[in-house]
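Asker: Got a predicted structure here, sequence first:
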Amino acid sequence: MAENEKQTRRSFLSRLWMGAGLFLSYGTAAFYGFSFLSPRFRKPQPRRILVASADKLPPGASTTFKDLSGRKIVLVNSGGGFIALSTTCTHLGCTTYWEPEKSHFFCPCHNGYFDVNGNVVSGPPPRPLDKFEVFVDENDNVFVEVKEV
């Protein structure tokens, strides 16, 4: 009788460990399966986009390009370096324009002004323009880092 209880207990513990192992392995497989199939669970990775050659953007000049999601970004040579800013106004989402003769960004929807660093100078925008990291490699190629879609 005592030997039957040991076998029952041993069998119970064996099944318990086997069930726990199956639960963990199927749970892990399900997590990675959902992560692979559903892109919204994946963390967006940063990507560097080649925008221009540094010698083609003299101080005060700018160029506009689109990121991987189609959002417009302007790259400005401020004279002290390159700055990449979103052209979407932080007030209502209108498009801002770089005015090189005045060295500021202008939002025509509600007369919002931003300085060359994207900070609010005047108008109703509640916060600065979105800023992106800029890298210049040894060949004077200018890259802007954006998030993967």
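Answerer: Perfect, thanks for sending it.

Asker: OK, contacts around Val76?
Answerer: The neighbours of Val76, taking C-beta atoms under 8 Å, 6 or more residues apart in numbering as the test, are Ala61, Ser62, Phe82, Ile83, Ala84, Leu85, Trp98, Val116. Yep, even glycine has a C-beta here, placed from its N, CA and C like the rest.

Asker: ok, and the most crowded of the residues you listed?
Answerer: Neighbour counts for the contacts of Val76 (other C-beta atoms under 10 Å) peak at Ala84, which has 26 neighbours.

Asker: Bridge partners for that residue, pull those for me.
Answerer: On the basis of DSSP bridges, Ala84 is bridged to Leu75, Phe132.

Asker: gap between it and Asn141?
Answerer: 14 Å (C-beta to C-beta, to the nearest Å).

Asker: quick one: Asp67 and Ile49 touch, right?
Answerer: Yes: using C-beta atoms under 8 Å, Asp67 is in contact with Ile49, at 7.0 Å.

Asker: what is in contact with the two at once?
Answerer: Common neighbours of Asp67 and Ile49 (C-beta under 8 Å, 6+ apart) are Val144, Val146.

Asker: next one: the host helix or strand of Tyr113 to chain centre, how far?
Answerer: Here Tyr113 sits within strand 112-114, counting by DSSP states H and E. Relative to its chain's centre, strand 112-114 lies at 24 Å (C-alpha atoms, centre = their mean, to the nearest Å).

Asker: Need the contact partners of stretch 127-138.
Answerer: 48, 54, 73, 75, 81-90, 96, 105, 114, 117-120, 142-146.

Asker: and that stretch, which residues are buried?
Answerer: By neighbour count with 16 or more other C-beta atoms under 10 Å, stretch 127-138 contains the buried residues Leu129, Phe132, Val134.
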